[in-house]
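Asks: What follows is a predicted protein model with its sequence.
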Amino acid sequence: MSNSDRIDVFPSRMAQTLMKARLKGAQTGRNLLKKKADALSMRFRQILKKIVDTKTLMGEVMREAAFSLAEAKFTAGDFSPMVIQNVTKAQVKVKAKKDNVAGVTLPVFEQYSEGGDTYELTGLARGGEQLARLKKNYAKAVELLIELASLQTSFVALDEAIKITNRRVNAIEYVIIPRIERTLSYIISELDEREREEFYRLKKVQEKKKQLKAKAELARAKSNQPSPLEAPSLLDANQDDDLLFN
């Protein structure tokens, strides 16, 4: 095993404890990121379905709006210059809000009206009903356009967030966790090898002590000397010589 396949640490009990904690943290992070990716994918599929439905509805609304515009022009004539002259500021405006999905911020666009209808008198002479239908149809078309813009913006943001999250999950699962596991295996093998060496050393020391003790016992037996650990008995028949003083 090369050093690039594992983390460069000194094998010890403390390093083993730290590696176990890092492994547990990596596994927890991988599980949380997987849950985040699942939540983002679920929202992604919901938005995709809404985009398809909105685009289908958008085609129908725009077709109806274009038809109502043709009817209004046929009935009331060309009223475009009159409408353009009366418009001074936008009546329909868009405001942006934020939506949070599993830590990912998604922009949400909402429509709101400000001010009155500047061309409400248009069509009093003729074509009033067709112009009212035209306003209603195009107002619905604008509403759908804003909703579609919000959905597509969220779609792009979610797609990028899902890619980043999946890359992180794969990095943790296939790079970080295996590297920590290989480091743990290396530390455990080194500690086991040290324990075997220590056991062998202690065994050799005990054998050496036994050999030295046996040699010492043999030497004392040959010289008929009592063991220094054994005190002479007072009941022995041998008596010391008397000491005479002149």
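Replies: That came in fine, so what should we check first?
Asks: In this protein, where is pLDDT below threshold?
Replies: 1-4, 76-87, 115-128, 224-246 (pLDDT under 70).
Asks: Work out which residue lies at the spatial centre of it.
Replies: In the chain, the C-alpha nearest the mean C-alpha coordinate belongs to residue 33, at 3.4 Å (CA atoms, centre = their mean).
Asks: tell me which element it falls in.
Replies: Take DSSP states H and E as the rule and residue 33 turns out to sit in helix 13-76.
Asks: thinking again about what came up before, what sits against the residue nearest to the centre of the chain?
Replies: 165, 168, 169, 172 (CB atoms under 8 Å, 6 or more residues apart in numbering). Bear in mind the C-beta positions are built from the backbone N, C-alpha and C, glycine included.
Asks: With secondary structure, distance to residue 220 and neighbour count added, can I get the residues you listed in CSV?
Replies: Below are the contacts of residue 33 laid out as CSV (DSSP: H, G, I helix; E, B strand; the rest coil; distance: CB to CB, whole Å; neighbours: other CB atoms under 10 Å):
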residue, secondary structure, distance to residue 220, neighbour count
165, helix, 80, 21
168, helix, 76, 17
169, helix, 75, 18
172, helix, 70, 19
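Asks: quick one, helices of the chain?
Replies: 13-76, 80-86, 128-171, 177-223 (DSSP state H).
Asks: one step back: would you check how far apart the residue nearest to the centre of the chain and residue 102 are?
Replies: 10 Å (CB to CB, to the nearest Å).
Asks: I'd like the contacts of residue 33 as CSV, with distance to residue 44 appended.
Replies: Converted to CSV, those look like this (distance: CB to CB, whole Å):
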residue, distance to residue 44
165, 11
168, 17
169, 16
172, 21
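Asks: ok, of those residues, which one's closest to residue 8?
Replies: For the contacts of residue 33, the residue nearest residue 8 by CB to CB is residue 172; the value is 19.8 Å.
Asks: residues in contact with the nearest residue to the closest one once chain neighbours are set aside?
Replies: Nearest residue to residue 172, sequence neighbours excluded (CB to CB, 6 or more residues apart in numbering): residue 30, at 4.5 Å. Contact analysis of residue 30 by CB under 8 Å, 6+ apart lists 169, 172, 173, 177.
Asks: neighbours of the third one, just the number please.
Replies: This points to residue 173. 15 (other CB atoms under 10 Å).
Asks: what about the closest residue to it other than its chain neighbours, distance to residue 176?
Replies: The spatial neighbour of residue 173 that comes closest, neighbours along the chain excluded (CB to CB, 6+ apart), is residue 30 at 5.5 Å. Counting by CB to CB, the gap from residue 30 to residue 176 is 8 Å.
Asks: now, which of the contacts of residue 33 sits nearest residue 21?
Replies: Using CB to CB, the contacts of residue 33 come closest to residue 21 at residue 172, 15.3 Å.
Asks: Report the contact partners of the closest one.
Replies: 26, 29, 30, 33.
Asks: Could you report the separation of the residue nearest to residue 173 from residue 37?
Replies: From residue 30 to residue 37 the distance is 10 Å (CB to CB).
Asks: Need the residues touching each of the two.
Replies: residue 169.
Asks: How about residue 142, nearest residue that isn't a chain neighbour?
Replies: In space, residue 142 is closest to residue 92, 5.8 Å off (CB to CB, 6+ apart).
Asks: If the one you found is in a bridge, with which residues?
Replies: Per DSSP bridges, the residues bridged to residue 92 are residue 113.
Asks: That one and residue 156, how far apart?
Replies: For residue 92, the distance to residue 156 - CB to CB - is 24 Å.
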